[in-house]
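Novice: Quick check, what structure comes out for this input:
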Amino acid sequence: MKSLKKCIGATLVMLSMAAPEVFAQCMVNTFDDVRPGRRKSASEFRQQEGQDFPIDTIQYAGPEAVNFVLLGDGYTATEQRKFLSSAKKVYNALFQKIPMNKYKKWFNLYAIEVISNESGISHPGVLKNGVYVCPEGSSMPIMTVDTYFGIHFDSYNIHRLPCPDNSTKIYNLLNALMPDYQMVGILCNTSEYGGAGGSYLTCTMHSSATEIFIHEFGHTFASLADEYFAGDGYLGEYPNQTTNNNSRTIKWKHWWGDSGVGAFPIGGSTKGNGYYKPVDGTCEMEYLNKQFCPVCRETIIEELHNRVKVIAEYEPTAKTVTMDDEKLKFIITRYYKGLSPNKVAFEWSIDGKVLEEETKDSLILRYDVFDLETVTPHTVRVRANEVNPLVKDPKHASKHTSSMTWRVLLGEVVGVESFTYDDLSVESASGGLLLKSKKPHALSVYNLKGQRLAHVNVCGTEMIKLPAGIYIVDGKKMLVDR
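Specialist: Purely as a prediction, here's the structure:
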């Protein structure tokens with residue numbers, strides 16, 4: 001049963017501003033703090049906890065995508081449909097917000113059903129003059145609710161900050177059921193306003209739930225700070241908060257003067273007046289129902305590029321390949337396929353030499369592109385970078401370039417040194433290659449280790465005796481039989 005205590009104080013006035021939390025405050029337990037010893041298997045964990053914890057896959061994009069997991073607290077066995085509906089609702093809202101509207105395919109989206117004994121979220125209050133009261137005057141009754149994770153309001157004397165006293169149960173569950181998670185959110189089954197960001201985000205099912213969720217996502221996923229004054233303890237150097245207001249040296253100087261970006265005092269105290277934000281009153285990190293400002297959008301995209309490789313799938317799938325045919329084709333498949341206005345820039349190279357003309361997502365190679373005097377294996381590499389107009393930082397591309405490298409062996413083929421003589425012809429013949437030239441030309445034959453097997457001066461007709469097999473001359477396949 002829920003235990004109720006009297007709540008004394010004025011009704012909390014709801015603001016369009018997000019709850020005054022900072023992204024590291026309530027998540028004091030790190031992942032390593034709570035996962036000592038052997039990890040329990042999923043079956044062991046389910047048996048220990050006495051429930052099944054069904055995992056609902058809302059979207060699967062691929063093995064390299066970000067694993068985003070939503071959990072619920074305060075949802076009873078009969079309220080799991082409600083939880084799943086809420087999970088889909090906040091996911092859908094997130095991926096309609098710029099820049100996330102272009103990156104849904106970069107996420108695997110999951111929801112794990114967690115059953116609590118009682119419905120709702122605790123409101124413990126704080127002890128004052130022998131009575132438990134709400135620290136900020138909410139009319140929500142003081143109560144204790146038996147929930148799985150024990151999330152409650154009034155954390156750190158901030159009513160709108162729902163956190164557990166201990167994160168161990170959260171990480172134990174993730175460690176057993178979704179150890180490859182990268183992003184976690186917990187939906188709290190209450191209509192009271194609240195949310196927090198940090199190692200994981202929490203979000204209540206208030207009428208502004210989707211916007212709270214998006215705001216807390218900014219904290220948790222991209223380490224964005226609030227752009228309003230939440231107290232001196234919440235000020236610091238973050239991607240969207242700084243003490244530097246010099247347009248030439250500020251960390252978002254490449255956005256200065258664009259879309260209203262400048263250096264605006266956060267205010268709120270003498271110390272707050274010494275900290276600056278990129279825009280004034282127009283960013284999701286200051287007010288709900290806004291868009292992320294240009295600096296926050298760029299930061300989110302940078303974090304996406306930190307976590308997701310642009311090159312997700314490729315052919316050949318083996319890292320070492322043997323070229324035993326006339327051609328060898330390399331193809332890149334990526335998660336993001338260039339929905340306007342974004343695109344992916346590719347750079348191909350062979351043995352460190354960039355192929356300036358090759359800028360597509362595939363490459364076809366012939367034997368004559370390799371230097372046969374170079375010891376094999378050869379190296380084929382492709383570098384890919386998503387080009388997005390929402391990213392202006394010139395350092396971004398160099399920091400967030402995805403690459404793939406293949407080792408290429410040239411198979412059991414002897415290469416004939418490439419030539420471009422108009423009057424020289426090569427024909428396959430029994431026992432070797434027949435060379436014909438009207439003028440004298442020097443020609444060398446190499447094996448795959450770069451060792452020269454023969455050097456001939458051709459003038460007229462010359463036969464190079466070779467073992468039976470396939471040989472490549474200027475990208476053309478030639479058969480030498482017995």
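Novice: what ranges of the stretch 301-450 of the chain fall below the confidence cut-off?
Specialist: 324-326, 334-342, 368, 371-376, 411-421, 445-450 (pLDDT under 70).
Novice: Strands of that one, residue ranges please.
Specialist: 311-315, 320-322, 327-334, 343-350, 353-354, 362-366, 378-387, 402-409, 415-416, 424-429, 432-446 (DSSP state E, counting those that start in this stretch).
Novice: so what secondary structure elements neighbour the longest one?
Specialist: Other helices and strands packing on strand 432-446, by 3 or more Cβ pairs under 8 Å, 6 or more residues apart in numbering; DSSP states H and E, are strand 415-416, strand 424-429, strand 452-465, strand 476-480. In this view, the C-beta of every residue, glycine as well, is placed from N, C-alpha and C.
Novice: May I see these arranged in JSON lines, with distance to Asp146 and mean neighbour count as well?
Specialist: Below are the helices and strands packed on strand 432-446 laid out as JSON lines (distance: least, Cβ to Cβ, whole Å; neighbours: other Cβ atoms under 10 Å):
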{"stretch": "strand 415-416", "distance to Asp146": "75", "mean neighbour count": "24"}
{"stretch": "strand 424-429", "distance to Asp146": "83", "mean neighbour count": "16"}
{"stretch": "strand 452-465", "distance to Asp146": "82", "mean neighbour count": "13"}
{"stretch": "strand 476-480", "distance to Asp146": "75", "mean neighbour count": "15"}
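Novice: Next, format those as a markdown table and append distance to Met143.
Specialist: Output for the helices and strands packed on strand 432-446, formatted as a markdown table (distance: least, Cβ to Cβ, whole Å):
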| stretch | distance to Met143 |
| --- | --- |
| strand 415-416 | 80 |
| strand 424-429 | 89 |
| strand 452-465 | 87 |
| strand 476-480 | 80 |
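Novice: ranking those by mean pLDDT, which is last?
Specialist: For those, mean pLDDT drops lowest on strand 415-416, to a mean of 58.
Novice: center of this protein, which residue is that?
Specialist: Arg307 (3.0 Å; Cα atoms, centre = their mean).
Novice: Leaving out sequence neighbours, find the closest residue to that one.
Specialist: Counting by Cβ to Cβ, 6 or more residues apart in numbering, the nearest residue to Arg307 once its immediate chain neighbours are dropped is Val66, at 5.2 Å.
Novice: who's in contact with that neighbour?
Specialist: 106-108, 182-183, 304, 307-308 (Cβ atoms under 8 Å, 6 or more residues apart in numbering).
Novice: Write down the beta-bridge partners of it, one by one.
Specialist: Beta bridges link Val66 to Phe107, judged by DSSP bridges.
Novice: Let me see the backbone angles for Ile112.
Specialist: phi -110, psi 120 (degrees, to the nearest 10).
Novice: Could you pull up the residues touching it?
Specialist: 53-56, 69-71, 173, 177-178.
Novice: which of these are buried?
Specialist: 53, 69-71, 173, 177-178 (16 or more other Cβ atoms under 10 Å).
Novice: ok, so of these, who is nearest Met205?
Specialist: Met205 has its nearest neighbour among the buried ones among the contacts of Ile112 in Leu70, at 12.2 Å by Cβ to Cβ.
Novice: Mind telling me what element the closest one is part of?
Specialist: strand 66-73 (DSSP states H and E).
Novice: Any idea how far apart the tips of stretch 409-427 sit?
Specialist: 25 Å (Cα to Cα, to the nearest Å).
Novice: And the next helix or strand past the strand holding Leu70?
Specialist: Immediately after strand 66-73, counting by DSSP H and E, sits helix 80-94.
Novice: buried sites along that next one?
Specialist: For helix 80-94, by 16+ other Cβ under 10 Å, it's 80, 82-84, 86-88, 90-91, 93-94.
Novice: okay, the angle between it and strand 66-73?
Specialist: Angle of helix 80-94 versus strand 66-73, following axes from the mean of the first three to the mean of the last three Cα atoms, to 10 degrees, is 140 degrees.
Novice: I'd like the average pLDDT over helix 80-94.
Specialist: 98.
Novice: Packing partners of that helix?
Specialist: Helix 80-94 sits against strand 55-59, strand 66-73, strand 107-112, strand 183-188, helix 209-222, with contacts defined as 3+ Cβ pairs under 8 Å, 6+ apart.
Novice: quick revisit: what's the closest of the strands of the stretch 301-450 of the chain to Glu298?
Specialist: strand 378-387 (12.4 Å).
Novice: contact partners of the closest one?
Specialist: 305, 310-311, 330, 332, 334, 336, 342-352, 361, 363, 365, 370, 397, 400-410.
Novice: Starting from Ile266, give me the distance back to Asp280.
Specialist: As judged by Cβ to Cβ, to the nearest Å, Asp280 and Ile266 stand 10 Å apart.
Novice: Show me how the record splits this structure into domains.
Specialist: Per the record, the chain has its domains at 3-223, 310-409, 415-480, by automatic domain parsing.
Novice: Among those, show me which one is buried the most.
Specialist: Each of the domains of the chain was scored by mean neighbour count; the highest is domain 3-223, a mean of 19, by mean count of other Cβ atoms under 10 Å.
Novice: mind checking how far that domain is from the chain centre?
Specialist: Remark: domain 3-223 is offset 21 Å from the chain centroid, using Cα atoms, centre = their mean, to the nearest Å.
Novice: Stretch 357-370 now?
Specialist: Here stretch 357-370 is found 29 Å from its chain centre; the criterion is Cα atoms, centre = their mean.
Novice: distance between the ends of that stretch?
Specialist: End-to-end span of stretch 357-370 (Cα to Cα): 16 Å.
Novice: which residue ranges form the helices in the stretch 101-250 of the chain?
Specialist: Taking DSSP state H, counting those that start in this stretch to define them, one finds helices in the stretch 101-250 of the chain at 168-177, 209-222.
Novice: With the stretch 251-400 of the chain instead?
Specialist: Going by DSSP H, counting those that start in this stretch, the stretch 251-400 of the chain shows helices at 294-307, 396-399.
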